[in-house]
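Student: sequence isn't available, so here's the structure alone:
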């Protein structure tokens, strides 16, 4: 048997609550976000995690470090797991994006695989980035249990890629803060075992959406 990946989104951030688009920008975890990361850490004690890789953005590092300290595994940072860069949209609310970038925003909502945000990345760039990373990890390790701490769009791109589904389906997958996804690589390819599992979170709550959702 090949590697098993445990893929999670970071905990709740201040910008999540405000509904601001984060991308490569950063916002620290809220108190709730820290609690979510601790609850995720408790859940991860049930799995034989060998390695932890995290996006090199602060909110993902914070989440990964909380888990790593709890389960006794060192966190390795990589830009491969970064969120999609949203360029000119970063730090903006949906209403602000609509006001100044309506045409591009309309494309993002209706044909996300075709969007080209000023100063940002495309979904296809993210797919190439994460596909290369997963390939590299699978070539480097075998039969390991690997936790990846990443971001909403990036995680959804990974899952769509595993399912051999087009990037136009980005909105068909939900990813809540610290949601757990499990993917097992077998001889015939990746098999998704779990998706957007938030059963470890106590008092889960809905927050404002950003343009990423």
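Tutor: On my side now, so go ahead. All values derive from a computational prediction rather than experimental measurement.
Student: when you work out contacts or count neighbours from here on, use the C-alpha atoms and nothing else.
Tutor: Fine.
Student: partners of the top strand by length along the chain, with directions?
Tutor: For the chain, the longest strand by residue count, based on DSSP state E, is strand 189-197. Within its sheet, strand 189-197 is paired with strand 180-186 (antiparallel), according to DSSP bridges.
Student: gap between residue 64 and residue 76?
Tutor: Distance from residue 64 to residue 76, counting by C-alpha to C-alpha, to the nearest Å: 9 Å.
Student: need the overlap of contacts for those two.
Tutor: The overlap between the contact sets of residue 64 and residue 76 (C-alpha atoms under 8 Å, 6 or more residues apart in numbering) consists of 52, 53, 54.
Student: give me the buried positions along the helix or strand of the chain with the lowest mean pLDDT.
Tutor: In the chain, the helix or strand scored least confidently by mean pLDDT, DSSP states H and E is helix 14-18, which has a mean of 91. Going by neighbour count (16 or more other C-alpha atoms under 10 Å), the buried part of helix 14-18 is 14, 15, 16.
Student: with stretch 82-98 instead?
Tutor: With burial defined by 16+ other C-alpha under 10 Å, the residues of stretch 82-98 counted as buried are 82-87, 89-94, 97-98.
Student: ok, now stretch 147-163?
Tutor: For stretch 147-163, the neighbour count (16+ other C-alpha under 10 Å) marks 147-162 as buried.
Student: circling back to that earlier point, so which of the shared contacts of residue 64 and residue 76 is the most crowded?
Tutor: Counting neighbours by other C-alpha atoms under 10 Å, residue 54 comes out on top of the shared contacts of residue 64 and residue 76 with 30 neighbours.
Student: if we can go back for a sec, as CSV, the shared contacts of residue 64 and residue 76 with pLDDT, secondary structure and distance to residue 37 would be great.
Tutor: What follows is these, written out as CSV (pLDDT from 0 to 100; DSSP: H, G, I helix; E, B strand; the rest coil; distance: C-alpha to C-alpha, whole Å):
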residue, pLDDT, secondary structure, distance to residue 37
52, 98, strand, 14
53, 98, strand, 15
54, 98, strand, 13
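Student: show me the shaky parts of this structure.
Tutor: The model of the chain has pLDDT under 70 over residues 1, 205-213.
Student: centroid-nearest residue for it?
Tutor: In the chain, the centroid-proximal residue (C-alpha atoms, centre = their mean) is residue 151; its distance is 2.4 Å.
Student: mind checking how far residue 114 is from residue 196?
Tutor: Distance from residue 114 to residue 196, counting by C-alpha to C-alpha: 25 Å.
Student: looking at the two, which is more packed in?
Tutor: Counted by other C-alpha under 10 Å, residue 114 and residue 196 do not tie: residue 196 has more neighbours, with 20 against 15.
Student: residue 177 is in contact with the more buried one, correct?
Tutor: No: under the contact definition of C-alpha atoms under 8 Å, residue 196 does not touch residue 177, with a separation of 9.1 Å.
Student: and the strands in this structure?
Tutor: The residue ranges that make up the strands of the chain, judged by DSSP E, are 4-9, 51-55, 75-78, 145-150, 180-186, 189-197.
Student: do you know which of those lies nearest residue 26?
Tutor: strand 51-55 (11.7 Å; C-alpha to C-alpha).
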